[in-house]
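Novice: take a look and give me a structure for this.
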Amino acid sequence: MILSRRTILNYLYSTGLYSIVSPSFGNIITQDNSHLKNFFKFSVGKINVTVVSDGSFPMPISSIAINASEEEVKSHLEKYNMPNDHINRETNLAVIEVEDKTLLVDVGGGSRFFGNTGKLYENLGLANINPDSITHVFLTHAHPDHVLGIRDEFDENIFPEAEYIMSQNEYEWWTKPNRVNEVEETFQQIVLNAVNSLSALAEVTLYNEEKEIVPGVHMIDTSGHTPGHNSLIVHSEGAKLLICGDALLHPNTSLVFPSWIPENDMDPDKAIISRKKVLSLVTNEKMVLLGFHFPFPGVGHVIPSGNSFQFLPTSVRW
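Specialist: Got it, this is the predicted structure:
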């Protein structure tokens with residue numbers, strides 16, 4: 001018998017070894033807060049949501065804004081007591097449990113990405129979420145830190161029984177024949193990563209309209225960062241959560257300067273429109289926001305602040 005990473009981790013889960021080292025979030029029995037970097041549980045009405053970390057990775061400050069000078073960006077970062085030579089990108093994945101369905105939003109970078117990523121599978125276990133319970137996977141877009149985790153280091157589809165869902169525009173842009181030869185050389189590896197990841201899926205459910213994908217969870221168009229980037233709105237009993245993917249990248253940059261253009265926005269004009277759309281929704285309708293790259297767990301509210309916005313992180317209830 002060949003033991004795969006999936007087989008080993010499923011064994012640990014089934015034997016209860018994960019639960020021994022990881023009490024439920026509300027029952028803290030240790031002074032070591034490291035588990036807070038693994039998962040964070042909350043609810044939206046009757047829908048349970050768990051933020052599961054896939055780790056983090058650094059990016060150069062040149063990635064923050066191509067329409068601002070380096071001096072301007074550095075000065076801004078120092079104002080917020082952030083490093084002035086890089087920015088850290090957390091990877092906050094969401095697991096949504098509603099009725100008999102469990103939806104995972106994005107799969108992270110897996111073992112093929114850089115930085116301290118590839119923690120999804122282990123952290124699902126720490127959160128007491130059986131990986132085999134995941135029935136659906138929604139991909140916000142096909143950048144590597146969101147889809148490379150489709151394959152594990154054994155080249156196996158990490159969730160082979162789940163139904164994968166994404167925007168048709170997104171899927172067709174990346175998988176268009178000969179796409180790799182239509183982009184700049186510096187972008188070719190990103191295209192290859194997307195194609196190799198998506199080709200591991202036997203089938204992908206594709207939508208272009210703003211569709212309810214499981215009860216209480218709707219996909220909405222927030223394209224611009226990529227051609228078919230989509231976000232999700234989760235709603236139950238009057239409560240709403242917006243999972244924005246990469247429509248917003250960091251509370252101290254995307255919210256303070258919504259018109260700053262990150263280096264990896266593929267259609268900058270559309271991306272600005274989508275950023276303002278998300279910010280308008282969460283402020284006008286008082287939605288909770290979950291940012292994929294926000295400091296973990298990335299959950300909080302947004303309020304207007306002059307011509308910009310301010311992120312109010314959720315309080316951790318001990």
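
Novice: quick check: beta-bridge partners of the closest residue in space to Pro313 that isn't next to it in sequence?
Specialist: Nearest non-adjacent residue to Pro313, counting by Cβ to Cβ, 6 or more residues apart in numbering: Gly300, 4.2 Å away. Backbone N, C-alpha and C define where each C-beta goes, glycine included. Gly300 has these beta-bridge partners by DSSP bridges: Leu289, Pro313.

Novice: isn't Gly300 up against Phe309?
Specialist: No - judged on Cβ atoms under 8 Å, Gly300 makes no contact with Phe309 at a distance of 11.4 Å.

Novice: which strands or helices does the longest helix along the chain pack on?
Specialist: The longest helix of the chain (DSSP state H) is helix 268-284. Counting contacts by 3 or more Cβ pairs under 8 Å, 6 or more residues apart in numbering; DSSP states H and E, helix 268-284 packs against strand 239-243, strand 288-290, strand 299-305.

Novice: what residues sit buried inside it?
Specialist: Pro268, Lys270, Ala271, Ile272, Ser274, Arg275, Lys277, Val278, Leu279, Leu281, Val282 (16 or more other Cβ atoms under 10 Å).

Novice: gap between it and the chain center?
Specialist: 17 Å (Cα atoms, centre = their mean, to the nearest Å).

Novice: cool, stretch 134-148 as well?
Specialist: 8 Å.

Novice: re earlier: farthest pair in the buried residues of helix 268-284?
Specialist: The two members of those with the most space between them (Cβ to Cβ) are Pro268 and Val282, at 21.4 Å.

Novice: pull the helix or strand with minimum mean pLDDT from this protein.
Specialist: When the helices and strands of the chain are scored by mean pLDDT, DSSP states H and E, helix 17-21 comes last with a mean of 38.

Novice: could you identify the helix or strand that succeeds it?
Specialist: Counting by DSSP states H and E, the next helix or strand C-terminal to helix 17-21 is strand 39-44.

Novice: sheet-wise, list the partners of whichever helix or strand comes after that following strand with their directions.
Specialist: Beyond strand 39-44 on the C-terminal side, the first helix or strand identified by DSSP H and E is strand 47-60. Using DSSP bridges, strand 47-60 pairs in its sheet with strand 39-44 (antiparallel), strand 86-98 (antiparallel), strand 116-117 (antiparallel).

Novice: and for the first one, what are the contacting residues?
Specialist: Spelled out, that is strand 39-44. Strand 39-44 is contacted by residues 24-26, 48-53, 123, 126-127, 234-236, 239-241, 288, 296-297, 299, 314, 316 when judged by Cβ atoms under 8 Å, 6 or more residues apart in numbering.

Novice: are any of the residues you listed buried, and which?
Specialist: 25, 49-53, 123, 126-127, 234-236, 240-241, 288, 296-297, 299.

Novice: returning to what we had before: just the strands paired with strand 47-60: most buried one?
Specialist: Highest mean neighbour count of the strands paired with strand 47-60: strand 86-98, a mean of 22 (counted as mean count of other Cβ atoms under 10 Å).

Novice: just the angle between that strand and strand 239-243, please?
Specialist: 130 degrees (axes from the mean of the first three to the mean of the last three Cα atoms, to 10 degrees).

Novice: what packs against whichever helix or strand comes after strand 86-98?
Specialist: Under the assignment DSSP H and E, the closest C-terminal helix or strand after strand 86-98 is strand 101-105. Applying 3+ Cβ pairs under 8 Å, 6+ apart, we find strand 101-105 packed against strand 86-98, strand 136-138, strand 212-214.

Novice: now do the last one: which elements does it pack against?
Specialist: When contacts are defined as 3+ Cβ pairs under 8 Å, 6+ apart, strand 212-214 sits against strand 101-105, strand 136-138.

Novice: what is the burial count for Lys176?
Specialist: By the measure other Cβ atoms under 10 Å, the count of residues near Lys176 is 12.

Novice: that one and Ser62, how far apart?
Specialist: 29 Å (Cβ to Cβ, to the nearest Å).

Novice: just Pro131 next, same as before
Specialist: Relative to Ser62, and taking Cβ to Cβ, Pro131 is found at 37 Å.

Novice: compare these two (neighbour count), which wins?
Specialist: Neighbour totals were compared for Pro131 and Ser62, and Pro131 leads with 19 against 12 (other Cβ under 10 Å).

Novice: the more buried one contacts Ile158, doesn't it?
Specialist: Yes - counting by Cβ under 8 Å, Pro131 does reach Ile158; the two are 7.5 Å apart.

Novice: next, the contact list for the residue nearest to Pro313, please.
Specialist: Pro251, Val288, Leu289, Phe294, Phe311, Leu312, Pro313, Thr314 are the contacts of Gly300 under Cβ under 8 Å, 6+ apart.

Novice: no further queries at this time; thank you.
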